[in-house]
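> Return atomic coordinates for the entry below.
(one chain, ligands or ions: 1)
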Amino acid sequence: MRAAVCAAYGPPEVVAIADVAAPAPGPGQARVRVEAAAVNFPDVLLVAGEYQVRVPPPFVPGSELAGVVVEVADDVTGVRVGDRVFASTMVGAFAEEATVAAASLTRIPEGVDAATAAAFGVAHRTAYHSLRSVAELRPGQELVVLGAGGGVGLAAVQLGALLGATVTAVASTPEKLDAARAAGATRTVEHRTHDVRATLKELVPGGTDVVLDPVGGDLAEAALRSLRPGGRFVTVGFASGTIPRIPLNLVLIKAVTVVGFEFLDFMTRRPADAARDERELLGLLAEHRARPHIGARFALDEAAAALRHVADGRAIGKVVVEVQPPV
Ligand SMILES: NC(=O)c1ccc[n+]([C@@H]2O[C@H](COP(=O)([O-])OP(=O)(O)OC[C@H]3O[C@@H](n4cnc5c(N)ncnc54)[C@H](OP(=O)(O)O)[C@@H]3O)[C@@H](O)[C@H]2O)c1
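Okay, here's the model as predicted:
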């Protein structure tokens with residue numbers, strides 16, 4: 001089968017197409033004929049050998065996929081050959097076939113295409129768990145989303161609005177802010193041309209209830225300062241490459257909570273909340289109320305360009321790799 005392979009750690013351009021053996025499913029696994037895959041920021045870090053988990057090369061990057069089950073191990077009962085499924089995985093999605101844990105597969109709801117399903121997993125789940133369970137966002141509350149044109153950020157804008165919050169989106173370009181407005185943001189702040197701290201104060205004079213931050217860097221403190229007493233700052237990632245150092249006196253004086261969201265930790269430590277969130281989110285997808293915005297599409301041959309697009313912070317919403325059409 002054809003796959004995009006990372007033969008040695010490096011920039012996105014090290015990823016090249018090669019013919020590799022289709023992986024056979026081991027116990028508890030299923031083999032999926034991949035129609036679409038989606039790119040996540042950690043894919044870039046994994047290829048660079050800079051992620052918190054290191055996968056030794058050669059490996060096939062790609063952490064989200066959608067397609068059809070073509071083989072299951074003898075002990076698998078939850079899914080069957082022919083099921084249309086999507087999944088998140090550490091690596092392996094940028095290939096014509098991928099072998100993944102059968103337990104990680106979710107059936108694609110009726111009427112949802114493969115690209116949409118592939119692009120839905122990581123960003124929407126991260127945003128929904130963070131807002132619904134970690135920040136406990138309520139209808140009528142004020143939400144500020146940093147990186148609001150990116151994968152997690154744009155999902156958070158959409159889901160925050162669906163949860164009934166008033167959303168203020170912060171991003172670098174008018175195009176990203178247009179996408180955020182289309183996803184449900186009421187107010188926008190272009191951080192390259194505006195002082196974020198002063199603008200948030202002006203736009204939300206009563207203070208904000210929740211900040212969702214997938215970016216870090218200088219914007220984090222400016223957004224934290226917008227919180228009202230009792231507000232929650234959820235840190236999700238550091239796409240800017242800079243981990244902010246927040247003065248603790250700010251947290252004390254403002255009486256706010258700073259809390260981290262880490263996917264695996266949340267799923268294992270809060271299984272009941274995780275299961276409820278997953279149910280609700282799948283319902284929103286099935287009803288076509290929650291949808292990823294797909295800002296760019298690439299062929300499998302262009303997997304390196306897809307990774308480059310995300311590495312440079314140019315992605316608006318999700319970037320999809322169209323692997324092969326349905327049979
Ligand atoms: N905690 C978890 O479990 C979890 C789960 C999923 C993702 N994450 C993390 O969340 C972060 C965001 O993921 P994502 O998929 O939303 O990424 P993304 O689509 O690439 O968006 C990241 C945003 O960060 C901003 N940015 C600023 N400097 C950047 C730079 N040098 N390179 C790239 N982006 C830059 C950009 O916004 P502007 O252009 O508007 O500044 C960009 O839109 C990543 O760090 C990822 O690892 C964490």
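
> which residues touch the residue of the stretch 1-150 of the chain found nearest the ligand?
Taking C-beta to the nearest ligand atom as the measure, the point where the stretch 1-150 of the chain comes nearest the ligand is Gly150, at 2.2 Å. (C-beta placed from N, C-alpha, C; glycine too.) If a contact means C-beta atoms under 8 Å, 6 or more residues apart in numbering, then Gly150 has 41, 171, 176, 214-215, 239, 313, 315-317 as its contacts.

> Let's see which of the residues you listed end up in strands.
If you go by DSSP state E, the contacts of Gly150 have Ala171 in strands.

> just to revisit the earlier point, okay, the residue of the stretch 1-150 of the chain closest to the ligand: pLDDT?
Predicted confidence (pLDDT) at Gly150: the value is 95.

> How about the backbone phi and psi for it?
Backbone torsions for Gly150, taken as degrees, to the nearest 10, come to phi -90, psi -180.

> what subset of the contacts of Gly150 is also close to the ligand?
Subset of those in contact with the ligand: 41, 171, 176, 214-215, 239, 313, 315, counting by C-beta under 6 Å from any ligand atom.

> Which of these sits closest to Thr77?
Of all these, Thr77 sits closest to Phe41, with 34.3 Å by C-beta to C-beta.

> so what's Ala286 closest to, chain neighbours aside?
Pro109 (3.7 Å; C-beta to C-beta, 6 or more residues apart in numbering).

> Which helix or strand contains the one you found?
According to DSSP states H and E, Pro109 maps onto no helix or strand at all.

> who touches it in this structure?
Residues 282, 285-286 are the ones in contact with Pro109 under the rule C-beta under 8 Å, 6+ apart.

> Please indicate which of the residues you listed are buried?
By neighbour count, with 16 or more other C-beta atoms under 10 Å, the contacts of Pro109 hold 282, 285 as buried.

> Next step: the contacts of Pro109 restricted to helices.
Among the contacts of Pro109, the members found in helices (DSSP state H) are 282, 285-286.

> Filter those to keep only those in contact with the ligand.
Judged by C-beta under 6 Å from any ligand atom, the overlap between the ones in helices among the contacts of Pro109 and the neighbourhood of the ligand is nil.

> okay, these in CSV with distance to Val20 next?
Shown next, in CSV, are the ones in helices among the contacts of Pro109 (distance: C-beta to C-beta, whole Å):
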residue, distance to Val20
Leu282, 32
Leu285, 32
Ala286, 35
